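**Q** Need a 3D model of the sequence below.
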Amino acid sequence: EKSRGGKGFCVAVLHEYVDNMNFEEMEFDVAIRHFLGGFRLPGEAQKIDRIMEKFAERYSKQNPSVFATADTAFILAFSIIMLNTDLHNPSIKEERKMTVDSFVRNNRGISVDGSDLPREFLEGIFRRIQANAFSLKEDDDARQQMGRALGAE
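**A** Numbers count the residues shown, from 1 in each chain. Model prediction:
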């Protein structure tokens, strides 16, 4: 029984958590940062997928003029998680890190009917994520391993 921590409990908690969040008039990446501030994303892509899909639905419902569909918000949310990891994970070499052009290119055609989101919109997200990482478990783990490796030298 889900009310007692059984099957479906975690999904019920996720829905309750998201449904109680207010993302109205927040920049998309600021809303993601706010959303992720209350918990650690799991390491499994399938779970991240489910969590970010619920976030995208809520954000789109509260900000109907930002994205044509919740699917676009979901794709971009996942892309932002990958961008954050790419830019701030110390195990990724500087010359391999994503550039603003590659981020824009990666998100080409994700809007309705294969159209693009405005470049300025994506550039703003890139710059804010570049300037200020949000903490993800896998990045924290990589930082710890890097610290241990440097301490062992």
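
**Q** quick one, strands of the chain?
**A** Taking DSSP state E, the chain contains no strands at all.

**Q** quick one: low-confidence ranges for it?
**A** Residue ranges of the chain with pLDDT under 70: 1-6, 136-153.

**Q** Helices of that one, start to end?
**A** All helices of the chain, identified by DSSP state H, fall at 9-19, 28-36, 45-62, 70-88, 100-106, 119-131, 137-152.

**Q** If we go by neighbour counts, what in the longest one is buried?
**A** By neighbour count, and taking 16 or more other CB atoms under 10 Å as the criterion, the buried residues in helix 70-88 are 70-81, 83-85, 87-88. C-beta here means a position set from N, CA and C on the backbone, and glycine is covered the same way.

**Q** The third one now?
**A** Neighbour-count burial for helix 45-62 flags 48, 51-60 (criterion: 16+ other CB under 10 Å).

**Q** Quick one: residues in contact with it.
**A** 11, 14-15, 18-19, 21-24, 26, 28, 31-32, 35, 41-42, 66-67, 69-71, 73-74, 77-78, 81 (CB atoms under 8 Å, 6 or more residues apart in numbering).

**Q** The second one now?
**A** By CB under 8 Å, 6+ apart, the surrounding residues in contact with helix 28-36 are 18, 21, 23, 26, 55, 59, 63, 66, 73, 76-77, 80-81, 125, 128-129, 132, 134-136.

**Q** Go again with 6 Å.
**A** Identification of contacts with helix 28-36 by CB atoms under 6 Å, 6 or more residues apart in numbering yields 23, 55, 59, 80, 125, 128, 134.

**Q** In the residues you listed, find the pair that's most separated.
**A** Phe55 and Arg128 (17.0 Å; CB to CB).

**Q** before we move on, back to that, which one of the helices of the chain lies nearest to Asp113?
**A** By CB to CB (comparing all of those), the closest turns out to be helix 70-88, at 10.8 Å.

**Q** Find the centremost residue of the chain, please.
**A** When CA atoms, centre = their mean is applied to the chain, the residue found nearest the centroid is Ile81 (3.5 Å).

**Q** And it, how far from Arg128?
**A** 14 Å (CB to CB, to the nearest Å).
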